[in-house]
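> Let me see the structure of the following:
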Amino acid sequence: MTDTGLVREQNEDSFIVLPEQSLFIVADGMGGHNSGEVASQLTISAMKSFFEDSELEEKLREQHQEFRNRPGVPTAYGEFRLMRAVESANRSIYNTAQRFEACKEMGTTVVSIYFVKSRMYVAFVGDSRLYRIRDGQIEQMTEDHSLANEYVRMKVIRKEDVRSFPYKNVIVKALGLGNHVEVETFYRSCKPGDLFLLCSDGLTDLVEDEEILQLVESCGSNLDRANQLLVDQAKNYGGADNITTLLVAVE
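Below you'll find the model as predicted:
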């Protein structure tokens, strides 16, 4: 579910569910830049095209075999493929911004997951998040590429002070701001019963992790209802930004 919220005039978030590719993506266009909605939509379309191009995949497998032992290249093909898809989205945004003045300096965050059998590959840039709900516990699996999180890591501020930090929405990494972007990736094993939440910061800036867990678990297997409750709660707390939630259940 995606919602404009109660303050923004337009929705700059985008998402896609591609069950045939086992691929799920959320992108949050940067509201402080021009054409954030264009950047997030370009991310979705570029990654979708990347995964649907069978000829490209053949070349990509050959490339992975050639480069897999180099520093910074994932050894697992699925992780490599997802990383390359995000990099292709970055180039698409950056090239568009160079051609059109109205799109200059546009950017977006992205968080994506790609399932292969019992393994889940993750690639992300920015502060859109991935959570895992397992056995009654919620865990944030991604780490925000934000100024606030950098300050927490350097122990300049405490984690509990982030909500009142005046620059909490300043991100230090995004797609589209340069010809190259450093994509953070990892993989985990998953099991039946796992529930994954991809979301934009319009949710997490306002709703605490434990409340997210309670709202989702109150809905059982009804993911549509859970999405609705999450969006409604963010709006109950002011809806200051666009809100996107995408729930994926492993069966």
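> ranges for the strands of the stretch 151-251 of the chain?
Along the stretch 151-251 of the chain, counting by DSSP state E, counting those that start in this stretch, strands occupy 184-189, 195-199, 243-249.
> Could you dump these into JSON lines with mean pLDDT added?
Converted to JSON lines, the strands of the stretch 151-251 of the chain look like this (pLDDT from 0 to 100):
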{"stretch": "strand 184-189", "mean pLDDT": "97"}
{"stretch": "strand 195-199", "mean pLDDT": "98"}
{"stretch": "strand 243-249", "mean pLDDT": "98"}
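> mind putting the ones you listed in a markdown table, mean neighbour count and distance to A226 included?
(Each C-beta comes from the backbone N, C-alpha and C, glycine too.) Below are the strands of the stretch 151-251 of the chain laid out as a markdown table (neighbours: other Cβ atoms under 10 Å; distance: least, Cβ to Cβ, whole Å):
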| stretch | mean neighbour count | distance to A226 |
| --- | --- | --- |
| strand 184-189 | 15 | 21 |
| strand 195-199 | 24 | 9 |
| strand 243-249 | 23 | 6 |
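> Need the ones you listed in JSON lines (columns: distance to A234).
Listed next are the strands of the stretch 151-251 of the chain as JSON lines, based on distance: least, Cβ to Cβ, whole Å:
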{"stretch": "strand 184-189", "distance to A234": "25"}
{"stretch": "strand 195-199", "distance to A234": "9"}
{"stretch": "strand 243-249", "distance to A234": "5"}
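> wait, which of those strands is closest to E87?
strand 184-189 (10.7 Å; Cβ to Cβ).
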